[in-house]
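K.L.:
return atomic coordinates for the entry below.
(one chain, ligands or ions: 1)
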Amino acid sequence: MQPATSPAERAKFYAARHALKEVKSGMRVGLGTGSTAAWFVKLLGERVAKEGLEVRCAATSTRTADMARELGIPLFSLDELGWLDVTFDGADEVDPKLNLIKGGGGALLQEKIVATASDRMVVLTDSSKEVDTLGAFPLPVEIVRFGWETTQSLVTEALDGADVMGHGVSLRKDRDQPYVTDEGHYILDLHLRRIGKPRALSNTLLNIAGVVETGLFLDIADSVVIGSPSGEVRVRDLEGEAHFTPSDEELESGSIFSPDY
Ligand SMILES: O=C(CO)[C@H](O)[C@H](O)COP(=O)(O)O
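P.N.:
Here you go, the predicted structure:
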């Protein structure tokens, strides 16, 4: 494990630790994917081990499931739980309406299924992910492997009529090979720079037969917890924003080791 000494890791740690206060015994909890969500999973594992916190969790990727299992967090399939009280996940971008781009870590499909089967989705992040308009982060789009080049062409053509600034579409690679998701699909990354109308773009992309899902999470997130390296935390929802300053005791306590992610 690496010490959480970098400012970026400290911001993730504080966001995750603040969000964890929302978890109570008896809850069914969705566990997101990515380096920020990994902090949450690690801290949740500590509460399960130390306090005997009784939660039933569903993971959004094999990576997260492996980590949760190692930490002794009770893990179930989404179908076994049926519905979740809350899901905690990271994001690649968050706009003022709490619309998101997700999928930088390749888990967008399971992440969206789990988040939309939850009463609440809480996003854990730091201020670097806050944007006025989505699109600087390449938009991940999960596609089936069959006919993927044709799908790529159709996606590229569809961008001509969309309110976006860039039109580049690339197949995500993992060491020179196409990246394959947990569901056995490929991912196209759309280099759009600015997405003027996220809902229209999402509908356009989902109308293409080979497209399984997009990384646009629209009207799904309920709140965003934004950590900072100093420990200050902001929580945004559609009503406004609240600020939290940690006590000295809170600043001193807690794990300083990053999860192996
Ligand atoms: O959507 C995701 C994975 O598919 C992640 O939540 C997103 O990429 C943010 O990751 P990180 O917390 O590592 O910045």
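K.L.:
pull out the buried residues from stretch 126-140.
P.N.:
By 16 or more other Cβ atoms under 10 Å, the buried positions in stretch 126-140 come out as 126, 129-131, 134-140. For the C-beta atoms, the positions are set from N, CA and C on the backbone; glycine is no exception.
K.L.:
again with stretch 95-104
P.N.:
For stretch 95-104, the buried set under the neighbour-count rule, 16+ other Cβ under 10 Å, comprises 95, 98-104.
K.L.:
try stretch 187-194
P.N.:
Buried residues in stretch 187-194, counted by 16+ other Cβ under 10 Å: 187-192.
K.L.:
ok so, going back, now, which of the buried residues of stretch 95-104 lie close to the ligand?
P.N.:
102-104 (Cβ under 6 Å from any ligand atom).
K.L.:
out of the buried residues of stretch 95-104, which sit inside helices?
P.N.:
Assigned to helices by DSSP state H, none of the buried residues of stretch 95-104 qualify.
K.L.:
alongside the ligand, which residues does the protein contribute?
P.N.:
Of all the residues in the chain, those lying near the ligand are 32-37, 89-92, 102-108, 111, going by Cβ under 6 Å from any ligand atom.
K.L.:
return the distance of the biggest helix by length in the chain from the chain's centre.
P.N.:
Taking DSSP H as the assignment, the helix of the chain that covers the most residues is helix 35-51. Here helix 35-51 is found 16 Å from its chain centre; the criterion is Cα atoms, centre = their mean, to the nearest Å.
K.L.:
who are the packing partners of it?
P.N.:
helix 7-20, strand 28-31, helix 62-70, strand 84-89, strand 118-126 (3 or more Cβ pairs under 8 Å, 6 or more residues apart in numbering; DSSP states H and E).
K.L.:
any low-confidence regions in the stretch 51-200 of the chain?
P.N.:
The model of the stretch 51-200 of the chain has no residue with pLDDT under 70.
K.L.:
residue 155 touches residue 141, doesn't it?
P.N.:
Yes: counting by Cβ atoms under 8 Å, residue 155 does reach residue 141; the two are 6.5 Å apart.
K.L.:
and the residue nearest the centre of the chain, what does it touch?
P.N.:
Here the mean C-alpha position of the chain is nearest to the C-alpha of residue 90 (Cα atoms, centre = their mean), at a distance of 3.3 Å. By Cβ atoms under 8 Å, 6 or more residues apart in numbering, residue 90 lies in contact with 32-37, 102, 105, 123-125.
K.L.:
write the ChimeraX selection for whichever of those are buried.
P.N.:
Here is the ChimeraX command that selects the buried residues among those (16+ other Cβ under 10 Å):
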select :32,33,34,36,37,102,105,123,124,125
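K.L.:
tell me which of the contacts of residue 90 is nearest to residue 164?
P.N.:
Comparing the contacts of residue 90 against residue 164 with Cβ to Cβ places residue 102 closest, at 17.8 Å.
K.L.:
that older thread, show me the buried residues of stretch 95-104 that map onto strands.
P.N.:
Counting by DSSP state E, the buried residues of stretch 95-104 place 100-101 in strands.
K.L.:
from the stretch 151-261 of the chain, which residue is nearest to the ligand?
P.N.:
residue 215 (6.9 Å; Cβ to the nearest ligand atom).
K.L.:
count the neighbours of that residue for me.
P.N.:
Using other Cβ atoms under 10 Å, residue 215 has 30 other residues around it.
K.L.:
might you report the residue contacts of the nearest residue to it once chain neighbours are set aside?
P.N.:
Residue nearest to residue 215 in three dimensions, not counting chain neighbours: residue 103, with 3.4 Å by Cβ to Cβ, 6 or more residues apart in numbering. The contact partners of residue 103, by Cβ under 8 Å, 6+ apart, come to 92, 111, 139-140, 142, 187, 215.
K.L.:
dump those residues to JSON lines, plus distance to residue 165.
P.N.:
As requested, the contacts of residue 103 are exported to JSON lines (distance: Cβ to Cβ, whole Å):
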{"residue": "92", "distance to residue 165": "17"}
{"residue": "111", "distance to residue 165": "26"}
{"residue": "139", "distance to residue 165": "12"}
{"residue": "140", "distance to residue 165": "18"}
{"residue": "142", "distance to residue 165": "23"}
{"residue": "187", "distance to residue 165": "21"}
{"residue": "215", "distance to residue 165": "17"}
